[in-house]
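# sequence and computational prediction follow.
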Amino acid sequence: GIQQQAKAAQTEIARSLNAFNIPVSARTPELRTEFADTLLGESGSAAGAVKRADGLLNARAQAAATGKNPNAAMNRYTQKGAGAVTMDAINEVYVNGLLSWFPTHIKNFFATPAFMVLRNVEEIFAGLTGTVDRGIRRAFGGEVADQEVYIGQAFARMYGQVHSLKEALIIAGEAMKRGDSPDLMNKVELSQHNAISSEAFANSKVQILQRGMNNHHLAASVDILGKIITLPGRALMGADSFWKVMSQRGELASEAYHNAARARQRGESFEAAKDQAGLTFLDPRASQDAIIGSGQMDTMTSDLSKAALPGAEVDIRKVTRSLQNIPIIGKMLMPFTTAPTNTILRYLERTPLGLANMFRRDDGEFAFKNPAARQRIMARVSLGTGVMYTMHNLAMEGHFTGAMPTDDAQRRKLPPKWQPYSFVMKANGWPQDA
């Protein structure tokens with residue numbers, strides 16, 4: 001037991017230290033391929049990268065064919081991209097300016113844990129659905145599947161989230177200090193982070209910037225200016241990194257409980273079930289898809305190339321990229337696409353439209369044939385629809401208020417002490433004091 005705990009501690013320490021060395025989205029060859037594809041997309045497109053590479057080779061070949069210096073021709077071609085440094089810096093200033101409104105950070109910081117709580121409640125509902133589902137299957141001679149949802153997973157998730165506070169604070173601090181996220185998918189959508197820095201200017205093709213960065217005082221001033229400008233973006237990435245770590249640790253604990261419960265359902269001993277849970281903690285990479293996906297789902301940063309529309313999986317990233325890649329105005333008009341699009345998708349999953357996900361294919365099989373997928377879909381739709389119906393009734397009965405009317409005439413008709421976005425406790429018919 002002690003040796004297993006020590007191994008688990010070593011594993012978690014290694015994960016924390018390596019979080020910023022290897023992006024969590026690129027730990028397998030398949031994920032590294034997706035990582036490279038996303039990087040290419042953020043800098044334009046894969047086709048654009050090939051076109052630039054071909055242009056560089058053509059410039060060298062033409063210079064050699066005409067007896068000119070091939071290296072000089074390549075240098076001239078690369079210097080044409082000097083404007084990219086300017087655009088990166090402008091985009092960084094613009095995006096951080098949009099994020100400088102303090103209420104934005106308050107909403108972002110508290111919205112994520114609110115959604116995490118909702119997912120925990122949904123997991124309890126999914127576990128209850130799974131209990132009934134398994135009981136019916138057993139009554140008709142069926143067997144328990146490998147993928148099921150158990151009520152205890154929700155409480156294990158909460159346990160993992162609570163006990164990840166220290167690690168979450170460490171990773172959030174590193175994200176704020178470095179101005180970058182350990183996960184490729186984040187809300188600050190820039191082709192290059194820290195574009196306003198002595199390192200970025202020194203590596204640019206603009207000779208005046210290169211020479212300027214040779215001056216130690218000027219380089220230090222640029223770094224300080226860059227850190228001040230990017231404070232809003234750093235704060236946002238720090239908050240997202242904090243909640244991602246808590247979400248991922250919660251998912252790991254949920255997976256551990258699931259593996260233990262599955263062992264017990266198969267008739268294995270209690271000790272064998274504990275060993276299954278321990279192995280899950282010792283080898284988190286075996287569950288990395290679920291762990292990474294949980295963090296991205298809770299922070300609304302899931303990969304849009306695999307966007308889960310009701311009943312289908314669609315590559316929405318192509319659409320958002322094409323809009324953002326419109327010269328000059330693209331990034332200005334649509335600086336953020338990942339979080340808003342994911343928010344819409346998460347909402348649709350929790351309406352009756354979400355039932356269409358039963359007919360999505362996962363590894364060639366319909367989702368409704370997978371007990372875990374079926375139970376989670378039913379929990380999301382039933383709970384989400386129930387909450388929306390309840391809030392609608394409260395609003396129609398006057399027990400819940402909305403936004404302040406913009407029309408002056410309507411505002412004057414409001415009752416005394418009326419407040420927006422509030423629960424009304426003492427409405428008509430409330431008993432009067434004697």
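Happy to help now that I have it.
# need the longest helix for the protein.
Counting by DSSP state H, the longest helix found in the chain is helix 102-139.
# by contact count, what packs against that helix?
For helix 102-139, the elements it packs on are helix 152-162, helix 231-265, helix 288-298, helix 371-396, judged by 3 or more Cβ pairs under 8 Å, 6 or more residues apart in numbering; DSSP states H and E. All C-beta spots, glycine's among them, are computed from the backbone N, C-alpha and C.
# dump the ones you listed to JSON lines, plus mean pLDDT and mean neighbour count.
As requested, the helices and strands packed on helix 102-139 are arranged in JSON lines below (pLDDT from 0 to 100; neighbours: other Cβ atoms under 10 Å):
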{"stretch": "helix 152-162", "mean pLDDT": "94", "mean neighbour count": "20"}
{"stretch": "helix 231-265", "mean pLDDT": "92", "mean neighbour count": "24"}
{"stretch": "helix 288-298", "mean pLDDT": "90", "mean neighbour count": "21"}
{"stretch": "helix 371-396", "mean pLDDT": "90", "mean neighbour count": "17"}
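# looking at the ones you listed, which is nearest to Asn58?
Evaluated over these, closeness to Asn58 peaks at helix 231-265, with 37.4 Å, by Cβ to Cβ.
# tally of neighbours for Gly141?
6 (other Cβ atoms under 10 Å).
# can you tell me how far it sits from Arg157?
Counting by Cβ to Cβ, to the nearest Å, the gap from Gly141 to Arg157 is 32 Å.
# for Gly130, find the nearest of the helices and strands packed on helix 102-139.
Each of these was scored for nearness to Gly130 using Cβ to Cβ, and the closest is helix 371-396 (4.5 Å).
# run through the neighbouring helices and strands of the helix or strand that comes right after the closest one.
If you walk from helix 371-396 toward the C-terminus, the next helix or strand you reach (DSSP states H and E) is helix 408-412. Contact analysis of helix 408-412 by 3+ Cβ pairs under 8 Å, 6+ apart lists no helix or strand as a packing neighbour.
# output helix 408-412 as CSV, restricted to C-alpha atoms.
In CSV, the C-alpha atoms belonging to helix 408-412 read as follows (Å, rounded to 0.1, in the frame of the first residue of the first chain):
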residue,chain,number,x,y,z
ASP,A,408,-38.2,54.0,-20.8
ALA,A,409,-42.0,53.4,-20.8
GLN,A,410,-41.6,49.8,-19.9
ARG,A,411,-39.2,50.6,-17.1
ARG,A,412,-41.7,53.1,-15.6
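# tell me the mean pLDDT over it?
Averaging the model's pLDDT scores along helix 408-412 yields 88.
# contact partners of that helix?
Residues from elsewhere that reach helix 408-412, judged by Cβ atoms under 8 Å, 6 or more residues apart in numbering: 404-405.
# swap in stretch 119-135?
Residues from elsewhere that reach stretch 119-135, judged by Cβ under 8 Å, 6+ apart: 144, 148-154, 157-158, 254, 265, 297-298, 371-372, 374-376, 378-380, 382-383.
# one more time with 6 Å, if that's ok
The contact list for stretch 119-135 (Cβ atoms under 6 Å, 6 or more residues apart in numbering) reads 144, 148-151, 153-154, 157, 375-376, 378-380, 383.
# distance to Phe110 added to those, as JSON lines?
Written out in JSON lines, the entries for the contacts of stretch 119-135 read as follows (distance: Cβ to Cβ, whole Å):
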{"residue": "Val144", "distance to Phe110": "39"}
{"residue": "Glu148", "distance to Phe110": "33"}
{"residue": "Val149", "distance to Phe110": "27"}
{"residue": "Tyr150", "distance to Phe110": "29"}
{"residue": "Ile151", "distance to Phe110": "27"}
{"residue": "Gln153", "distance to Phe110": "25"}
{"residue": "Ala154", "distance to Phe110": "21"}
{"residue": "Arg157", "distance to Phe110": "19"}
{"residue": "Gln375", "distance to Phe110": "29"}
{"residue": "Arg376", "distance to Phe110": "25"}
{"residue": "Met378", "distance to Phe110": "28"}
{"residue": "Ala379", "distance to Phe110": "24"}
{"residue": "Arg380", "distance to Phe110": "22"}
{"residue": "Leu383", "distance to Phe110": "20"}
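# ok, of the residues you listed, which one's closest to Leu304?
Among the contacts of stretch 119-135, Arg380 lies closest to Leu304 (Cβ to Cβ), at 19.5 Å.
# residues in contact with the closest one?
For Arg380, counting by Cβ under 6 Å, 6+ apart, the contacting residues are 122, 349-350, 354.
# just Thr280 next, same as before
Remark: with contacts taken as Cβ under 6 Å, 6+ apart, Thr280 is in contact with 255-256, 259.
# burial of the residue lying closest to Met158 once chain neighbours are set aside, as a residue count?
Distance criterion Cβ to Cβ, 6 or more residues apart in numbering; nearest residue to Met158, sequence neighbours excluded, is Asn120 at 6.1 Å. Asn120 is surrounded by 17 other residues when neighbours are defined as other Cβ under 10 Å.
# same deal with Gly330?
The burial count assigned to Gly330 is 14, neighbours taken as other Cβ under 10 Å.
# ok, for it, nearest residue in space, not its chain neighbours?
Excluding its sequence neighbours, the residue lying closest to Gly330 (Cβ to Cβ, 6+ apart) is Gln324, at 4.6 Å.
# now intersect the contacts of Arg380 with the helices, please.
Helix and strand membership here follows DSSP H; of the contacts of Arg380, those in helices are 122, 349.
# show the backbone phi and psi for the nearest residue to Pro371 once chain neighbours are set aside.
The spatially closest residue to Pro371, leaving aside those adjacent along the chain, is Ala145, at 4.7 Å (Cβ to Cβ, 6+ apart). Note on Ala145: backbone dihedrals following degrees, to the nearest 10 are phi -80, psi 170.
# so Ala145 touches Ala372, yeah?
No: applying Cβ atoms under 6 Å as the test, Ala145 and Ala372 come out as separate, 7.7 Å apart.
# just to revisit the earlier point, got the contact list for the residue nearest to Gly330?
Taking Cβ under 6 Å, 6+ apart, we find Gln324 in contact with 330-331, 334.
# from these, which is closest to Ile136?
Closest to Ile136 out of those is Met334 (47.7 Å), distances taken as Cβ to Cβ.
# picking up where we left off before, any chance of JSON lines for the contacts of Thr280, columns distance to Ile228?
Written out in JSON lines, the entries for the contacts of Thr280 read as follows (distance: Cβ to Cβ, whole Å):
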{"residue": "Glu255", "distance to Ile228": "41"}
{"residue": "Ala256", "distance to Ile228": "43"}
{"residue": "Asn259", "distance to Ile228": "47"}
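# nearest to Phe242, of those residues?
Glu255 (21.0 Å).
# OK, contacts around that closest one?
Counting by Cβ under 6 Å, 6+ apart, Glu255 touches 280, 287.
# rerun that using 10 Å as the cut-off
Contact criterion Cβ atoms under 10 Å, 6 or more residues apart in numbering gives 153, 156-157, 160, 277, 280-281, 284, 286-287, 290-291, 294 as the residues in contact with Glu255.
# since that was my last question, I'll sign off now.
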